[in-house]
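**Student:** kindly generate the corresponding structure for this input.
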Amino acid sequence: MIISVSVLASVAPYIVSALLVFLLLEQLSYLVKKRNLPGPLFVPPIIGNAVALVRDPTSFWDKQSATAGNFPGISANYLIGKFIVYIRDTELSHQIFSNVRPDAFHLVGHPFGKKLFGDHNLIYMFGEDHKSVRRQLAPNFTPKALSTYTALQQLVILRHIRRWEETFSGGSRPVSLRNLVRELNLETSQTVFVGPYLDKEARNRFRTDYNLFNLGSMALPIDLPGFAFGEARRAVTRLAETLAVCAGKSKARMAAGEEPTCLIDFWMQAIVADIKSGKPAPPHSGDEEIGGFLFDFLFAAQDASTSSLLWAVALLDSEPEVLSRVREEVARIWSHESNALITVDQLAEMKYTLSVAREVVRFRPPATMVPHVAAKDFPLTKSYTVPKGTIVFPSVFDSSFQGFTEPDRFDPDRFSETRKEDQVFKRNFLAFGWGPHQCVGQRYALNHLVLFIAMFSTLLDFKRLRSDGCDEIVYCPTISPKDGCAVFLSRRVAAYPSLSLN
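**Tutor:** Numbers count the residues shown, from 1 in each chain. Modelled structure (predicted):
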């Protein structure tokens, strides 16, 4: 014991010296990469400012944005051994989105995405592989496919709206919609993507695993048992495996010549048709790979839609004139008393409601940033080159408040056929991305938001309980109102419509 203490005492100065050298080199590396960018002069060792990010993401990113405003749209920071660059300027963001390729930027979807999602996901693909998979996705978003989805979406929306009102109306306290909307969207995703292939038990497991993933995506990346991040990574594996089983079942059903009833059916129908015609199976069309791609869809759709639906309710409550115009338009086109689903043609007629949906997405883009990693040194401006390995955060949120007329005002008419700000300021509307990885399901997402706005505003009366800071932004992981959108609900119609697929 005396010898070991003596040995420890003799090596302690070397350990301390090595640690001090490491910390000094870490700070010097940060400062060299930072160069003249605004940002913290010194950062906490090893973890950087990760604690500040996890404790209060809104404040952290607001400070990054404000700091970038003092320079040509860029600022720097340091997170768990990773140098990061925040991009506020729209044109600089375009340079990132337009240069997703092996020798420039790689989309990561999350600061620690490869650990969380695994290496073999659609968001990490490039070139011909990526183009091939996106071509396979085309049958999923044809008019026929979208028509199938809108019917399924309405059935789920109606079921949840009715349950909310029956459970919470007449109460003395408001109900927070955040978790309710999340459940609505999870059932919608399950039903639209793989509907008939998940039984009740599988749906419950799916819900549990997705909630684990959600919690872990906001946690420190500690991949050990008992830590949220590690639990999330294992949940992703189980979710992808479940979806792979669904892909196999769908493939067998489509091979038997049955009609598609959900997204995976339209996808598998096209693959089966190729094989039957004598063509080789498309690349990346195995069940396991498709399961991974379906999880990408789920990740892209689930929390983004939850964010948009919550902000739609919050903004409609704060803009009574907008709400009135939505109700008038919907009543002119669709009657809940008809007991008929809203058709695709009727949906297309709801032009003002679509403008409201687009303005919700512009005013509060669900995913405020889209992280990429620099594969090589990249000259971003004349005076600054992004170092290899940097995680770059183009801000979709900041771009939404650049260019547009009175961008801080919620104004659906900016998307009208007369003003056409979606075309005039197209480069600033980045909520669905840009370039080779632009969201392939944006029409599906907008349809879902329009249907929800139309049905929620027609069937329910709602009143927000306004409190100090209720509209402040929180990350969970996409943005939502701080109060979870707490509202009083009551039924607005004499009877709910009786909707069915027949």
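**Student:** next one: residue 85 from residue 29, what distance?
**Tutor:** 14 Å (Cβ to Cβ, to the nearest Å). Yep, even glycine has a C-beta here, placed from its N, CA and C like the rest.
**Student:** more neighbours: these two, which one.
**Tutor:** Applying other Cβ atoms under 10 Å to residue 85 and residue 29 shows that residue 85 carries more neighbours, namely 27 against 14.
**Student:** beta-bridge partners for that one, please?
**Tutor:** residue 76, residue 392 (DSSP bridges).
**Student:** residue contacts, it?
**Tutor:** 37, 74-76, 380, 386, 390-393 (Cβ atoms under 8 Å, 6 or more residues apart in numbering).
**Student:** redo the residues you listed as JSON lines? Include pLDDT.
**Tutor:** Output for the contacts of residue 85, formatted as JSON lines (pLDDT from 0 to 100):
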{"residue": "37", "pLDDT": "94"}
{"residue": "74", "pLDDT": "96"}
{"residue": "75", "pLDDT": "96"}
{"residue": "76", "pLDDT": "96"}
{"residue": "380", "pLDDT": "96"}
{"residue": "386", "pLDDT": "97"}
{"residue": "390", "pLDDT": "96"}
{"residue": "391", "pLDDT": "95"}
{"residue": "392", "pLDDT": "97"}
{"residue": "393", "pLDDT": "96"}
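**Student:** now the residue nearest in space to the middle of the chain: how far from residue 6?
**Tutor:** Centroid-nearest residue in the chain: residue 304, 3.8 Å away (criterion: Cα atoms, centre = their mean). Distance, residue 304 to residue 6, by Cβ to Cβ: 60 Å.
**Student:** for residue 261, same thing?
**Tutor:** 75 Å.
**Student:** more crowded one of these two?
**Tutor:** residue 261 (19 against 10).
**Student:** select only the buried ones of the contacts of residue 85 in PyMOL?
**Tutor:** Selection command for PyMOL covering only the buried members of the contacts of residue 85, criterion 16 or more other Cβ atoms under 10 Å:
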select buried, resi 37+74+75+76+380+386+390+391+392+393
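**Student:** which parts of the stretch 401-502 of the chain are helices?
**Tutor:** Using DSSP state H, counting those that start in this stretch, the helices found in the stretch 401-502 of the chain span residues 421-424, 442-459.
**Student:** nearest to residue 44, of those helices?
**Tutor:** helix 442-459 (38.2 Å; Cβ to Cβ).
**Student:** and that closest one, what does it pack against?
**Tutor:** Secondary-structure packing of helix 442-459 (3 or more Cβ pairs under 8 Å, 6 or more residues apart in numbering; DSSP states H and E): helix 143-168, helix 287-318, helix 320-333, helix 344-349, helix 351-363.
**Student:** worst mean pLDDT among those?
**Tutor:** Lowest mean pLDDT within these: helix 287-318, a mean of 91.
**Student:** how far does that one sit from the chain's center?
**Tutor:** 6 Å (Cα atoms, centre = their mean, to the nearest Å).
**Student:** got the helices and strands packed on helix 442-459 as a markdown table, with distance to residue 185 columns?
**Tutor:** Output for these, formatted as a markdown table (distance: least, Cβ to Cβ, whole Å):
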| stretch | distance to residue 185 |
| --- | --- |
| helix 143-168 | 9 |
| helix 287-318 | 5 |
| helix 320-333 | 20 |
| helix 344-349 | 19 |
| helix 351-363 | 15 |
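**Student:** so, low pLDDT: which residues of the stretch 1-150 of the chain?
**Tutor:** Counting by pLDDT under 70, the low-confidence segments of the stretch 1-150 of the chain come to 1-5, 7-8, 14, 111-113, 118-120.
**Student:** the stretch 101-250 of the chain: helices as residue ranges?
**Tutor:** 113-117, 127-137, 143-168, 178-194, 200-216, 228-255.
**Student:** the third one packs against which elements?
**Tutor:** Applying 3+ Cβ pairs under 8 Å, 6+ apart, we find helix 143-168 packed against helix 178-194, helix 263-276, helix 344-349, helix 442-459, strand 460-464, strand 486-491.
**Student:** name the SS class of residue 42, please.
**Tutor:** coil (DSSP: H, G, I helix; E, B strand; the rest coil).
**Student:** and the residue nearest to it when sequence neighbours are not counted, what are its phi and psi?
**Tutor:** Nearest residue to residue 42 in three dimensions, chain neighbours excluded: residue 27, at 6.3 Å (Cβ to Cβ, 6 or more residues apart in numbering). The phi/psi pair for residue 27 (degrees, to the nearest 10) reads phi -70, psi -40.
**Student:** next, give phi and psi for residue 74.
**Tutor:** According to degrees, to the nearest 10, residue 74 has phi -140, psi 150.
**Student:** right, and it touches residue 86 too?
**Tutor:** Yes: using Cβ atoms under 8 Å, residue 74 is in contact with residue 86, at 7.0 Å.
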